[in-house]
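# A structural model of the following input is requested.
(one chain, ligands or ions: 1)
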Amino acid sequence: MICVKNLSKMFDQFTAVDDLSFEIQSGDIVGFLGPNGAGKSTTMKMLTGFLTPTGGTIEFDGQSLDSNQKMIQKSIGYLPEGAPAYGDMTVFGYLNFIAEVRELKGDVRRERLKEVIEKVELQSVLNRPIENLSKGFKRRVGLAQAIIHDPKILILDEPTDGLDPNQKHQVRRLIQALSRDKIVIISTHILEEVTAVCNRVMIIASGKLKFDDTPQALQQRSRYYHAVTMKLSYAADISGLAEIEGVADMEVDRVSGEVTLFPESGQFILGPVTDYVQHRKLPVDSLFVEQGRLDEVFRSITTEEAAA
Ligand SMILES: Nc1ncnc2c1ncn2[C@@H]1O[C@H](COP(=O)(O)OP(=O)(O)OP(=O)(O)O)[C@@H](O)[C@H]1O
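The predicted structure is shown next:
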């Protein structure tokens, strides 16, 4: 378990991380979200012992990071932002070097290297210098070095940054497969990533924790949660839609032409809306219940902070 209390980091007079407190249990895959400059990387660097906090405490299984850094770092795998590596080394040379640094020896090292290379699918580039690889392969090499010693805690700073959609999918699957019995913390700008991979979301803005709950709870915060959106095949009189019982508001998207009906608090309006549409024979092409729009909640949570 990771226990963080009142963590802060100042760079001169600037507060990058401001009084963060949270606990993370084994099995948690935490999505760490926040706008640019929110303090995600700084927090991750403090969790991994690369940066010393200005204030607060970090404990792993009851042991303070401050006084047990070397021992705790052995159980952490870290993919820093941008996945830095020694560019002139070959992929195999680099991973072998990291395995050595992680004190893996003999058969265990050979086995781990084989396993990780297969898992991250690096077989085709093993003898190529890292600097000549595509961005996607560089990220994968970064991921491989982070997991080589089978750490209990994985801290991944934007692991899918710069990957194409197929590679993103592959890395997410890999993170999910790796996550059993581990703590995984990933920072990302991709909101869909948290619903695809994480069971917990933490949002920070200006160094402060603004949200800490499940991805579903985040979606439920959206004003679109359980709204009904429909598209009509041609213009029709829709004024009555706003009068349906349980409907609080109606909006028409000028670009897409979609009509969205927002429910009153706690109401589920799909039934009355479909009844109305059928009864009035409205020319509806598509109609669905919204699950909540993450970009909208993210904006409202992080700009509340800016306004505060
Ligand atoms: N070494 C440093 N010296 C001074 N300021 C720093 C330093 N490192 C980070 N900062 C500042 O601290 C703030 C938080 O930076 P951080 O990199 O943690 O944000 P982030 O949430 O990871 O952002 P991004 O999503 O853009 O990677 C930023 O304003 C950044 O400029």
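# so where is the protein shaky, pLDDT-wise?
Counting by pLDDT under 70, the ranges of the chain that qualify are 83, 304-308.
# residues from the stretch 1-150 of the chain in reach of the ligand?
The stretch 1-150 of the chain has residues 11, 14, 16, 34, 36-42, 81 near the ligand, with proximity defined as C-beta under 6 Å from any ligand atom. Using the backbone N, CA and C atoms, a C-beta is placed for each residue, glycine as well.
# could you dump the residues you listed into JSON lines with distance to D249, neighbour count and secondary structure added?
JSON lines is the format used below for these (distance: C-beta to C-beta, whole Å; neighbours: other C-beta atoms under 10 Å; DSSP: H, G, I helix; E, B strand; the rest coil):
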{"residue": "F11", "distance to D249": "44", "neighbour count": "11", "secondary structure": "strand"}
{"residue": "F14", "distance to D249": "41", "neighbour count": "8", "secondary structure": "strand"}
{"residue": "A16", "distance to D249": "39", "neighbour count": "20", "secondary structure": "strand"}
{"residue": "G34", "distance to D249": "29", "neighbour count": "27", "secondary structure": "coil"}
{"residue": "N36", "distance to D249": "32", "neighbour count": "6", "secondary structure": "coil"}
{"residue": "G37", "distance to D249": "34", "neighbour count": "12", "secondary structure": "coil"}
{"residue": "A38", "distance to D249": "31", "neighbour count": "23", "secondary structure": "coil"}
{"residue": "G39", "distance to D249": "35", "neighbour count": "25", "secondary structure": "coil"}
{"residue": "K40", "distance to D249": "34", "neighbour count": "27", "secondary structure": "helix"}
{"residue": "S41", "distance to D249": "39", "neighbour count": "20", "secondary structure": "helix"}
{"residue": "T42", "distance to D249": "40", "neighbour count": "21", "secondary structure": "helix"}
{"residue": "E81", "distance to D249": "41", "neighbour count": "16", "secondary structure": "coil"}
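# select, from those residues, the two members most distant in space.
Distance extremes for these: the farthest pair is F14 and E81 at 18.7 Å, using C-beta to C-beta.
# hang on, the earlier thing: quick one: which of the residues of the stretch 1-150 of the chain next to the ligand is nearest D66?
T42 (16.8 Å).
# thought the closest one was touching A16?
Yes: with contacts counted by C-beta atoms under 8 Å, T42 reaches A16, the gap being 4.6 Å.
# got any residues that touch both of those two?
Common neighbours of T42 and A16, counting by C-beta atoms under 8 Å, 6 or more residues apart in numbering, are 9, 207.
# excluding chain neighbours, what is closest to Y225?
G292 (4.0 Å; C-beta to C-beta, 6 or more residues apart in numbering).
# correction: the previous question concerned I117.
Closest residue in space to I117, ignoring its immediate chain neighbours: Q123 at 6.1 Å, by C-beta to C-beta, 6+ apart.
# count the neighbours of that neighbour for me.
By other C-beta atoms under 10 Å, 10 other residues sit near Q123.
# do I have it right that it meets V116?
No: using C-beta under 8 Å, Q123 is not in contact with V116, being 11.1 Å away.
# surely T195 touches P215?
Yes: with contacts counted by C-beta under 8 Å, T195 reaches P215, the gap being 4.5 Å.
# between these two, who's got more neighbours?
When T195 and P215 are compared for neighbours, P215 comes out ahead with 21 against 17, by other C-beta under 10 Å.
# for the more buried one, give me its contacts.
31, 194-195, 198-201.
# switch to 7 Å and redo it
194-195, 198, 201 (C-beta atoms under 7 Å, 6 or more residues apart in numbering).
# what's the burial count for T229?
Neighbours of T229 (other C-beta under 10 Å): 18.
# and for G240?
The tally of other residues near G240 (other C-beta under 10 Å) stands at 11.
# got phi/psi on it?
When quoted as degrees, to the nearest 10, the phi and psi of G240 stand at phi -70, psi -20.
# any idea how far it is from L282?
Separation of G240 from L282 (C-beta to C-beta, to the nearest Å): 9 Å.
# any chance you could map the helices in the stretch 101-250 of the chain?
For the stretch 101-250 of the chain, the helices defined by DSSP state H, counting those that start in this stretch occupy 106-119, 135-147, 165-178, 191-197, 215-220.
# and among these, the most buried is which?
Of the helices of the stretch 101-250 of the chain, the one with the most neighbours on average (mean count of other C-beta atoms under 10 Å) is helix 135-147, at a mean of 22.
# between that one and helix 106-119, what angle do the directions make?
Here helix 135-147 points in a direction 150 degrees away from that of helix 106-119 (axes from the mean of the first three to the mean of the last three C-alpha atoms, to 10 degrees).
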